[in-house]
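# Predicted model, plus sequence, below.
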Amino acid sequence: MARVFSVHHNRIGRSPGTVEYLGSRKVDTVTVQARVCGPDLCEDLDIEAVLAGAGPRQGQTLWVDVVGLHDNELVARLGARFRIDGLVLEDVLSTTQRAKVEDREHLLYAVCRSSDFTSTNGRAGTEQVSIILGPDFVISFQEREPDVFAPVRERMQRGKGRLRTAGAGYLAYALLDAVVDGHLLALSHFGERVEALEEEMLDDTSERHLAEIHSLKREMILLRRAIRPMRDMTANFARLVAEDFGDEVRVYLGDLHDHTIQTSDAIDSYGELLQGMHDYHQSTTGQRLNEVIKVLTIISTLFVPLTFLAGIYGMNFHHMPELAWRWSYPLFWTVTVGVSVGMLVFFRRRNWI
Amino acid sequence: MARVFSVHHNRIGRSPGTVEYLGSRKVDTVTVQARVCGPDLCEDLDIEAVLAGAGPRQGQTLWVDVVGLHDNELVARLGARFRIDGLVLEDVLSTTQRAKVEDREHLLYAVCRSSDFTSTNGRAGTEQVSIILGPDFVISFQEREPDVFAPVRERMQRGKGRLRTAGAGYLAYALLDAVVDGHLLALSHFGERVEALEEEMLDDTSERHLAEIHSLKREMILLRRAIRPMRDMTANFARLVAEDFGDEVRVYLGDLHDHTIQTSDAIDSYGELLQGMHDYHQSTTGQRLNEVIKVLTIISTLFVPLTFLAGIYGMNFHHMPELAWRWSYPLFWTVTVGVSVGMLVFFRRRNWI
Amino acid sequence: MARVFSVHHNRIGRSPGTVEYLGSRKVDTVTVQARVCGPDLCEDLDIEAVLAGAGPRQGQTLWVDVVGLHDNELVARLGARFRIDGLVLEDVLSTTQRAKVEDREHLLYAVCRSSDFTSTNGRAGTEQVSIILGPDFVISFQEREPDVFAPVRERMQRGKGRLRTAGAGYLAYALLDAVVDGHLLALSHFGERVEALEEEMLDDTSERHLAEIHSLKREMILLRRAIRPMRDMTANFARLVAEDFGDEVRVYLGDLHDHTIQTSDAIDSYGELLQGMHDYHQSTTGQRLNEVIKVLTIISTLFVPLTFLAGIYGMNFHHMPELAWRWSYPLFWTVTVGVSVGMLVFFRRRNWI
Amino acid sequence: MARVFSVHHNRIGRSPGTVEYLGSRKVDTVTVQARVCGPDLCEDLDIEAVLAGAGPRQGQTLWVDVVGLHDNELVARLGARFRIDGLVLEDVLSTTQRAKVEDREHLLYAVCRSSDFTSTNGRAGTEQVSIILGPDFVISFQEREPDVFAPVRERMQRGKGRLRTAGAGYLAYALLDAVVDGHLLALSHFGERVEALEEEMLDDTSERHLAEIHSLKREMILLRRAIRPMRDMTANFARLVAEDFGDEVRVYLGDLHDHTIQTSDAIDSYGELLQGMHDYHQSTTGQRLNEVIKVLTIISTLFVPLTFLAGIYGMNFHHMPELAWRWSYPLFWTVTVGVSVGMLVFFRRRNWI
Amino acid sequence: MARVFSVHHNRIGRSPGTVEYLGSRKVDTVTVQARVCGPDLCEDLDIEAVLAGAGPRQGQTLWVDVVGLHDNELVARLGARFRIDGLVLEDVLSTTQRAKVEDREHLLYAVCRSSDFTSTNGRAGTEQVSIILGPDFVISFQEREPDVFAPVRERMQRGKGRLRTAGAGYLAYALLDAVVDGHLLALSHFGERVEALEEEMLDDTSERHLAEIHSLKREMILLRRAIRPMRDMTANFARLVAEDFGDEVRVYLGDLHDHTIQTSDAIDSYGELLQGMHDYHQSTTGQRLNEVIKVLTIISTLFVPLTFLAGIYGMNFHHMPELAWRWSYPLFWTVTVGVSVGMLVFFRRRNWI
């Protein structure tokens, strides 16, 4: 199961701003893609060239996309090249961040969690995504494959839309939009599983459902921790970006913010639905218990007294006058039937049968 | 069952502002009605003429009402004719919007969910309604029949009230008012079902009620997601409209806002009532279990020891002096009655009978 | 049972501002009392005279009190006489309003719900009360008898206090104060019932209590919907009135506002108390079940094995050597007593007896 | 049990500002202590002298402390002497106030509830305390003994600290501080009882604990109603006092405000802890039920089939070939042991034993 | 168990600002370390020298670290030397403070709770930590060992990072950061225990788990009371410090504030997870009860009627014609098997087996 929260114990006590990754390697090799795009061209750059100073020209945007976080040296060199301060780099490498946006002198740092429902056996997991936005460049960091930015890369390649022309602010928007699209998708898959379970339960409930409800609740908590802080984050991001990149990007970021409100809203509804399903399950169990117990009680109440009666006339006392009577046996049956009918009337009156 | 949340998977990864409907066709043909109204006249226009440039004259208002969303071309042409930007059109066609209002340069875009309790077997469903308000025109989009705007159309036809004279702002108000009236109606029907179930349950509870409570809770969640965001939306709408259309519309929109507070309030009360009904059901089940178990215990506790006693004197040991005693049998009965009375006293003291 | 929420279906689709009452007649005749009071006099006026233009002179205040809402014509004439606009009149007649105050050009409209615990068999019900405050007049509307304003009328008659001299603002305050006093009273009666039930339950719980708790919870929901919106309403009312009627009324309205905070607070406490009572009931039921089941288990576990043993020696096999043994029967009793004692030790160790 | 809320029914309908106490007499005689203190002296004054006009001289502070509220005349005379308006006096005498502070022209009125855990058999009760603060005097009202202000009086007598020199503002602070100290103490006692019960329950749970949890929850509700409003009250009081009595008192009142935040926080934690204890109790009961039922089921399932078998060979049919067989009886025992072992294996596999 | 809340009863009634520690001695001896650090040096000072007036020179920072609070005289002398007012010292010694920051004339006082999961048998406990920040000195107070500031001391010793050069503001930040790092660590340990329990429960639930869940909930309440107020505290601290110590410290404190948001968030998630685990446990218990009862009912319902039948033919009536019939015994078996099969069909239809 994905952990709700964890820190790396050896992190404690280090100086703030130490650029060192302490998590497990989630990919074998760290891959870096640097690409510079403008209205007319879109070409890959060698990362070494970029680190050595190569960059976008007027009207162009540079995008450096890093997948995998365990190459401390690379991160430090990127930091030096783009003047990213140590606290930001520490946050990039410390994968327990809550979605937030920070305004540093000449750049914006946004961090959030993408939801990757394919990772852990179809259950929702979340990975940290960092985006650093400068005047003409965007640097993005992901923990592992699959690349949530693949659709953006593809659209950029095709050259359609505004991706090539609208600058770094729009590119950062497009990357965040890809993350939120991932949330929408994860939420939709999650919802399908919740509602499939719900429908199954309305037919019949079993103990298996309980474990499934609990497990879905847990995923819901994880997803919600990824999704909910996006609301404030996108609102702040829109506010900060608007000043530097103009009104067009503001409109798009407003749209993005609306999507995060939708997802927040939906995850809350699922939380409530899951609680309702738990309540329904529990009550159904109680109701079934009642029915089973009623059957037991009816059977016992019918036969236990009669068995006692039969036991009496099975006794071997020498002096039991009834034994010799001519009509004892028919009388016994009469009493038996009479008691049974009386009991059934009693049960009917109590509304048990 | 209506889904709590869903997105169309092929939507993910498209450029923002793509005008394409991805949902299922909820009506066979898309119908469009264009109507221009002024103090003196109210006549239908041909939609092609409108798209070609025909519009309202001084003092007139144009209303274009689209039912059905799968005609991408029509939507795109409307967008071009009335200069509606791509993000708005994308939202119009993406039917998972939460109620909101957006202020675009020369027009206002309001989206919300109407509640149509007739659609899915008497259970409440919700459909997306979009309203685009320009200086002298209103364009409305609905997902399917039945037309929630029918009462507005009729009042406009009859020529009564302010609908013909008060301009586009008032018309937009009237359309939103029709949506909120739909909520009031749906809520009233919903409430009748909740309260009918409640009254039935106070007579007697059964397992069927549990499924019904769960299903009503679910509907409540759906309804609430349609109703609650209307509060902020109508408040924002009133604020934005007031500047352009003056004080009279502001008063009406304030009234509308009050209605959305009433509906929010009522749906919350129903949520609480349903939770209370669930609690009541569960407790009643537990209480009944207690009663049933008491009967079982009383019967067993009375007869099980006596049956044992009878079993003893049914044994075939050769040496059982009691068997030959003269008063054994009457003594047996005495003991039996004595034990029974003792038990009954015990039960009475425990307050079981 | 009082409905939690309802609208009149034929209301839907009407023009806003239609002055028509759609509810049921809660009184046979609509009664109207018009009274004009000043420092020196306090006399009833004929309502027709008032409608024809008669009104208060300098330093006097006119109070028109309407009980019963089904006389549409009267309401319309009052509207015309005192220049009350249609939306206000519609709200007066539409009895599902949430407490609010509205600032119209030359008058204030306050609406709230009085709680009338005498109406429906001792259970709390709520009725709508509207108060329209002009510069020198107050018009009040109530749905039915009993008149919550009776104490105000009486104090005005006696001529004591400030009612005659302090103007329309003070009169409106006095009317709202009468409504809040009604809430205090209803809450006190409600609380007595809750606490009587609680005390009864601490002695012994029964199924009847469950239905009573549920019913009290429901009343609590209704009362809370009447009481809670009063907080904001009185605060707004105080703010709006202060400008026109000066500081003295502001002090009184502040006092009124404090009372509404007290009532809100108390109804929330009762809600929590009722939930606690429900929890207590449920847990007690579970605890009792445990006890009953223990008795059953002890009896069964003691006697079922022994009955089996007796059954064995009641078998008629020809070859059962024990049957002929001299000490079989005493041995049987020894085993019986031994097993019983063993069982009792086992139960004691499990802390069951 | 202390009532959660009550009003005196004859209060309803009186003019606002009526100075009349309607509650029960909580002390036999109303006691009044008037004391004037300055840097050099601290002497008691005769209350009649004070009412006749005697008061503090320059640099002195007068403190009038009233215990018991049923002397309406005294209260009215104090009101006249210190120009306290009727609404304030009405609140002083109406003992259902929520903690608040009011700013009247030349004085401040603060009301709150002291918690007196000694009053009702060791259970927490709350009494109303009113403090009226003028430029050079403080008037305090309490409902009953024991005097929560005793420590203040003592410190004043000893002449230590700032009580004699720091003016009326500091004295009012000291009185409120004594009330909050009382809350801290009551909370600490309350907490001890909660935690003692918790520890007892972790050993073993019984029905008695349920009633105790419920009763503690109820006390918690009462205490919280006394404690929680203190937060806002002390914040407002600090703000209002600061203007007149300077920075030093502001610092102390800030400290007092921090204490009210601590108490609010702690009472909320206890509420949560009590709910957790209730949940624990309920679940433990369910768990125990399971165990008991398992024992019953194991015993029944072992012996009921065997008893049936024994019953068969106890039948008296003339033609039962098995009865005459040589090895029937040993075979019977073999079957018996075999079935028992099989059952035990079945139970073990279900993890019941 | 750690107490949720306690005050020292003899504290009540003392003058505010009394510098006296009333808690238990948590360490044997109070240890004080005074150290002065600058860019070039870092040396320990004798505490007596410091109290006598020795202090930091230009560009240096003095850190006085006190562990153990029961040396009243030392605290008083520190107060006199650094001009700390009595209310602050009282708060330092009163170990029930909620995290807060106070702005005194020439210094800042921050108090919070460190979480020390090693203290009470692996369970989380919390200790009070006070930090007083002056222009060129920091005084810290801890209740007991282990020293949460050890990592800071070590880094300072090593001379790396900004600790020696960045002034008192940065030192105070570093100390708070150590406290928050302790929270992160405690939370991580706590989370491991919660999730280990969760995994164990998904295999099988037992009564032991209930007590463990309850105990974890309790720890959660304690941890949350330490963690949650840190959010506001760090935000206020950052605001107040920024003015005096410049932008660099502001950035670090912003980072610290983000960490407190992470911890708040995580502790809330654990609270929810624990509640979910409780719900899961309770429902599983109910479900298992159902299964056990079903077995009991099936067995009883199969054999009880048959035992009755066998009992009948064990009776000793002289006139029972069936006893003599030739095929009675085979017929008896036929009936027995028939009834059993019928019952099994009935159970299968009810979905019990």
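On my side now, so go ahead. Numbering: from 1, shown residues only, chains lettered A, B, ... in the order given.

# Tell me the predicted confidence for residue A:47.
On pLDDT, residue A:47 comes in at 92.

# could you list every residue that touches the one residue in the stretch 201-350 of chain A that gets nearest to chain C?
Proximity of the stretch 201-350 of chain A to chain C (Cβ to the nearest Cβ) peaks at residue A:314, 6.8 Å away. C-beta: built from backbone N, CA, C; applies to glycine. The contact partners of residue A:314, taken as Cβ atoms under 8 Å, 6 or more residues apart in numbering or on different chains, are B:310, B:314, C:314, D:314, E:311, E:314, E:315, E:316.

# mind putting these in CSV, pLDDT and secondary structure included?
Shown next, in CSV, are the contacts of residue A:314 (pLDDT from 0 to 100; DSSP: H, G, I helix; E, B strand; the rest coil):
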residue, pLDDT, secondary structure
B:310, 93, helix
B:314, 92, coil
C:314, 92, coil
D:314, 92, coil
E:311, 93, helix
E:314, 92, coil
E:315, 93, coil
E:316, 92, coil
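
# Spell out which parts of chain A neighbour chain D.
residue A:314 (Cβ under 8 Å from any Cβ of the partner chain).

# residues from chain A in reach of chain C?
Going by Cβ under 8 Å from any Cβ, the residues of chain A near chain C are residue A:314.

# where are the low-confidence patches of chain A?
A:1, A:8-11, A:117-124, A:160-161 (pLDDT under 70).

# For the residue nearest the centre of it, what are phi and psi?
Centroid check for chain A by Cα atoms, centre = their mean gives residue A:223 as the closest residue, at 3.0 Å. In terms of degrees, to the nearest 10, the main-chain angles of residue A:223 are phi -60, psi -40.

# which residues touch residue A:201?
Contacts of residue A:201 (Cβ under 8 Å, 6+ apart): A:209, A:277, A:280, A:281.

# Just those residues: which are in helices?
A:209, A:277, A:280, A:281 (DSSP state H).

# Does the last one touch residue A:205 like I think?
Yes: assessed by Cβ atoms under 8 Å, residue A:281 is found in contact with residue A:205 at 5.2 Å.

# ok, back up a step: what's the closest of the contacts of residue A:201 to chain B?
Ranked by distance to chain B (Cβ to the nearest Cβ), the contacts of residue A:201 are led by residue A:280 at 4.4 Å.

# isn't that closest one right up against residue B:214?
Yes: using Cβ under 8 Å, residue A:280 makes contact with residue B:214 at a distance of 4.4 Å.

# re earlier: determine which two of the ones in helices among the contacts of residue A:201 are furthest apart.
Using Cβ to Cβ, those span at most 9.8 Å, a distance reached by A:209 and A:280.

# what about residue A:132, which helix or strand?
Element membership for residue A:132, per DSSP states H and E: strand A:123-133.

# which residues sit against the helix or strand following that strand?
The C-terminal neighbour of strand A:123-133 among helices and strands, as given by DSSP H and E, is strand A:137-142. The contact list for strand A:137-142 (Cβ under 8 Å, 6+ apart) reads A:55-56, A:61-69, A:78, A:82, A:84, A:92, A:114, A:127-132, A:148-149, A:168, A:171-172, A:175.

# So the helix or strand following strand A:137-142, near chain B or not?
Note on strand A:137-142: by DSSP H and E, the next helix or strand toward the C-terminus is helix A:150-158. Yes: judged by Cβ under 8 Å from any Cβ, helix A:150-158 and chain B are in contact via A:150, A:151, A:154, A:155.

# For the contacts of residue A:314, give me a markdown table that also has distance to residue A:340.
As requested, the contacts of residue A:314 are exported to a markdown table (distance: Cβ to Cβ, whole Å):
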| residue | distance to residue A:340 |
| --- | --- |
| B:310 | 19 |
| B:314 | 23 |
| C:314 | 24 |
| D:314 | 23 |
| E:311 | 15 |
| E:314 | 19 |
| E:315 | 17 |
| E:316 | 23 |
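
# ok, residue A:39 to residue E:326 distance?
108 Å (Cβ to Cβ, to the nearest Å).

# taking the contacts of strand A:137-142 one by one, which sit in helices?
Reading helices off those with DSSP H, I get A:78, A:82, A:92, A:168, A:171, A:172, A:175.

# Can you tell me which helices and strands the top strand by length along chain A packs against?
In terms of residue count, the longest strand belonging to chain A (DSSP state E) is strand A:107-120. Contact here means 3 or more Cβ pairs under 8 Å, 6 or more residues apart in numbering or on different chains; DSSP states H and E; on that basis strand A:107-120 packs against helix A:86-93, strand A:100-104, strand A:123-133, helix A:167-203, helix A:207-227, helix A:229-312.

# Just put the ones you listed in a markdown table and tack on distance to residue A:341.
Listed next are these as a markdown table, based on distance: least, Cβ to Cβ, whole Å:
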| stretch | distance to residue A:341 |
| --- | --- |
| helix A:86-93 | 80 |
| strand A:100-104 | 76 |
| strand A:123-133 | 58 |
| helix A:167-203 | 37 |
| helix A:207-227 | 39 |
| helix A:229-312 | 10 |
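
# right, and those - which one's nearest residue B:23?
helix A:167-203 (13.2 Å).

# The closest one: which residues count as buried?
A:167-191, A:193-195, A:197-198, A:201 (16 or more other Cβ atoms under 10 Å in any protein chain shown).

# do stretch A:29-46 as well
For stretch A:29-46, using 16+ other Cβ under 10 Å, the buried residues are A:30, A:32, A:33, A:34, A:35, A:36, A:37, A:42, A:45.

# okay, now the domains of chain A?
A:10-282, A:294-349 (automatic domain parsing).

# Which residues outside stretch A:80-90 are in contact with it?
Under Cβ under 8 Å, 6+ apart, the answer for stretch A:80-90 is A:16-19, A:50-51, A:53, A:75-76, A:78-79, A:102, A:104, A:106-107, A:109, A:132, A:134, A:137, A:139, E:251-252, E:255.

# Residue A:182 touches residue A:114, doesn't it?
Yes: using Cβ under 8 Å, residue A:182 is in contact with residue A:114, at 5.0 Å.

# Identify the contacts common to the two.
In contact with both residue A:182 and residue A:114: residue A:148, using Cβ under 8 Å, 6+ apart.

# quick one on the thing from earlier: top of the ones in helices among the contacts of residue A:201 by neighbour count?
residue A:277 (26 neighbours; other Cβ atoms under 10 Å in any protein chain shown).

# From residue E:229, how far off is that residue?
Taking Cβ to Cβ, one finds residue A:277 at 35 Å from residue E:229.

# go on, residue A:115?
In terms of Cβ to Cβ, residue A:115 sits 31 Å off from residue E:229.

# More neighbours: which of those two?
Taking neighbours as other Cβ under 10 Å, residue A:115 and residue E:229 compare with residue A:115 leading, 27 against 22.

# That one and chain B, how far apart?
According to Cβ to the nearest Cβ, to the nearest Å, residue A:115 stands 12 Å off from chain B.

# Ok, residue A:101 next?
On the measure of Cβ to the nearest Cβ, residue A:101 and chain B end up 20 Å apart.

# contacting residues for the residue of the stretch 101-250 of chain A found nearest chain D?
Residue nearest to chain D within the stretch 101-250 of chain A (Cβ to the nearest Cβ): residue A:207, separated by 12.5 Å. With contact taken as Cβ under 8 Å, 6+ apart, residue A:207 is in contact with E:284, E:287, E:288, E:291.

# Of those residues, which is the nearest to chain D?
Chain D has its nearest neighbour among the contacts of residue A:207 in residue E:288, at 6.0 Å by Cβ to the nearest Cβ.

# Now for that closest one, how many residues are close by?
22.

# residue contacts, it?
The contact partners of residue E:288, taken as Cβ under 8 Å, 6+ apart, are A:207, D:290.

# how far away is it from chain B?
When residue E:288 is compared with chain B (using Cβ to the nearest Cβ), they lie 16 Å apart.

# Name the SS class of the residue nearest to residue A:326 when sequence neighbours are not counted, please.
Excluding the flanking residues, the one nearest residue A:326 by Cβ to Cβ, 6 or more residues apart in numbering or on different chains is residue E:319, at 6.0 Å. Secondary structure, DSSP: H, G, I helix; E, B strand; the rest coil: residue E:319 is coil.
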